[in-house]
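Chemist: here's my sequence, what's the structure:
(one chain, ligands or ions: 1)
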Amino acid sequence: MALASGVRFAPRALLRPWALLRGTTLGRTEPAAGGGGDGARRFGSQRVLVEPDAASGVAVMKLRNPPVNALSLELLTELVISLEKLENDKTFRGIILTSDCPRVFCAGLDLTEICGRNPAHCAEYWKAMQELWLRMYLSSLVLVAAINGACPAGGCIIALSCDCRVLADNPKYRIGLNETLLGIIAPFWLKDTYVNTIGHRASEQALQLGSLFPPAEALQVGLVDQVVPEDQVQSTALSEMARWLAVPDHARQLTKNMMRKATADRLLRQRDADTQNFVSFVCRDSIQKSLQAYLEKLRQRKG
Ligand SMILES: CC/C=C\CCC/C=C/C(=O)SCCNC(=O)CCNC(=O)[C@H](O)C(C)(C)COP(=O)(O)OP(=O)(O)OC[C@H]1O[C@@H](n2cnc3c(N)ncnc32)[C@H](O)[C@@H]1OP(=O)(O)O
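Modeler: Predicted structure coming up:
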């Protein structure tokens, strides 16, 4: 990921994402509806749809892992690859990240990836989660989250790693880190990201209580930058993108790096320890029981 100045700031020692890939259909390119030239061609994978607009230098990236865009290992991997592809293409300066699933932006970690799985799988999964966060948080591109649905926990991680967040004004679309309500704990790098966004006291309260904020409260606490009617989320995200792209890339990128590097470096320094910590925590019998119970509750809630 090169900056306009030639500086590279994305962590180079990250996982090679394709090593994680299983049964995906990456690299597929197809013409968008009504599309013609390069700027109108879609590409992506099974779970990530990319609609690039070469003329504006902006790509819309849609999560499509129905029913709730849970962050499966495959989705995490495909997101990293799509992001890397856009970053390596000098045409693009910004990405709008949104959901292709109705009513849900992203339901967070795919609990089936950490319930009843062996430690090796949990470790592989957590490394992929770290990888996505690092890539997004340090991306040289402008990332705008167009949050068109519920955005709990890991969904909020994705949104927080963007530069700007636009949330649809629907009381069901709550956003926040509700980990404590599942009996689990946000890792330090996620806590740091929360503190960087909404401040220490608000984070302390929200993290302990596992608060999921409805739109007006999310705006008030600073978790999102704009709350707009649902049908205006995309257009508002585009206006926000234009505002961010009006700044010269090199100055904005170096400033972003200055603001975020210390937080990312903290994880990079202790990535293995963080993985071990995650694995030993989620593999405990008591944590497995609470996760199973939570998943069961979600399943029974239906209908
Ligand atoms: C040491 C460090 C430890 C941990 C740090 C971890 C940091 C991050 C943690 C997380 O992200 S944990 C996940 C937290 N996520 C949630 O709590 C959200 C749970 N889901 C919901 O609240 C709702 O599903 C919803 C997102 C609001 C959508 O509601 P809706 O009514 O539209 O769908 P429904 O609830 O009927 O769900 C459909 C279907 O999807 C399954 N589901 C939902 N969420 C998840 C999930 N996170 N993982 C796996 N599966 C999920 C749900 O069970 C239903 O399945 P079914 O069709 O088989 O019944």
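
Chemist: for the residue of the chain at minimum distance from the ligand, give me phi and psi.
Modeler: Relative to the ligand, the nearest point of the chain is Gly108 (2.6 Å; C-beta to the nearest ligand atom). In this view, the C-beta of every residue, glycine as well, is placed from N, C-alpha and C. Gly108 adopts backbone torsions of phi 90, psi -160, taken as degrees, to the nearest 10.

Chemist: so it is in contact with Gly154, correct?
Modeler: Yes - here Gly108 reaches Gly154: they are 3.3 Å apart, a contact under C-beta atoms under 8 Å.

Chemist: of those two, who's got more company?
Modeler: Between Gly108 and Gly154, Gly154 has the larger neighbour count (other C-beta atoms under 10 Å), namely 25 against 22.

Chemist: on that earlier part again, residues in contact with the residue of the chain closest to the ligand?
Modeler: Going by C-beta atoms under 8 Å, 6 or more residues apart in numbering, Gly108 touches Ala70, Leu71, Pro152, Ala153, Gly154, Gly155, Cys156, Ile157.

Chemist: before we move on, what about Asn69?
Modeler: Contact analysis of Asn69 by C-beta under 8 Å, 6+ apart lists Leu63, Leu75, Ser99, Cys101, Val104, Phe105, Cys106, Ala107, Gly155.

Chemist: for those residues, give me TSV that also has pLDDT, secondary structure and distance to Ala55.
Modeler: Below are the contacts of Asn69 laid out as TSV (pLDDT from 0 to 100; DSSP: H, G, I helix; E, B strand; the rest coil; distance: C-beta to C-beta, whole Å):
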residue	pLDDT	secondary structure	distance to Ala55
Leu63	98	strand	24
Leu75	98	helix	29
Ser99	98	strand	24
Cys101	98	coil	28
Val104	98	strand	31
Phe105	98	coil	27
Cys106	98	coil	28
Ala107	98	coil	34
Gly155	98	helix	30
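
Chemist: which residues of the stretch 101-250 of the chain lie near the ligand?
Modeler: Within the stretch 101-250 of the chain, the positions lying close to the ligand (C-beta under 6 Å from any ligand atom) are 103-104, 107-112, 150, 152-154, 178-179, 182, 184-187.

Chemist: and the buried ones among the residues you listed, selectable in ChimeraX?
Modeler: This is the ChimeraX syntax for the buried subset of these, where burial follows 16 or more other C-beta atoms under 10 Å:
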select :104,107,108,109,110,111,150,152,153,154,178,179,182,184,185,186,187
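
Chemist: can you flag which of the residues of the stretch 101-250 of the chain next to the ligand belong to strands?
Modeler: Using DSSP state E, the subset of these located in strands is Pro152.
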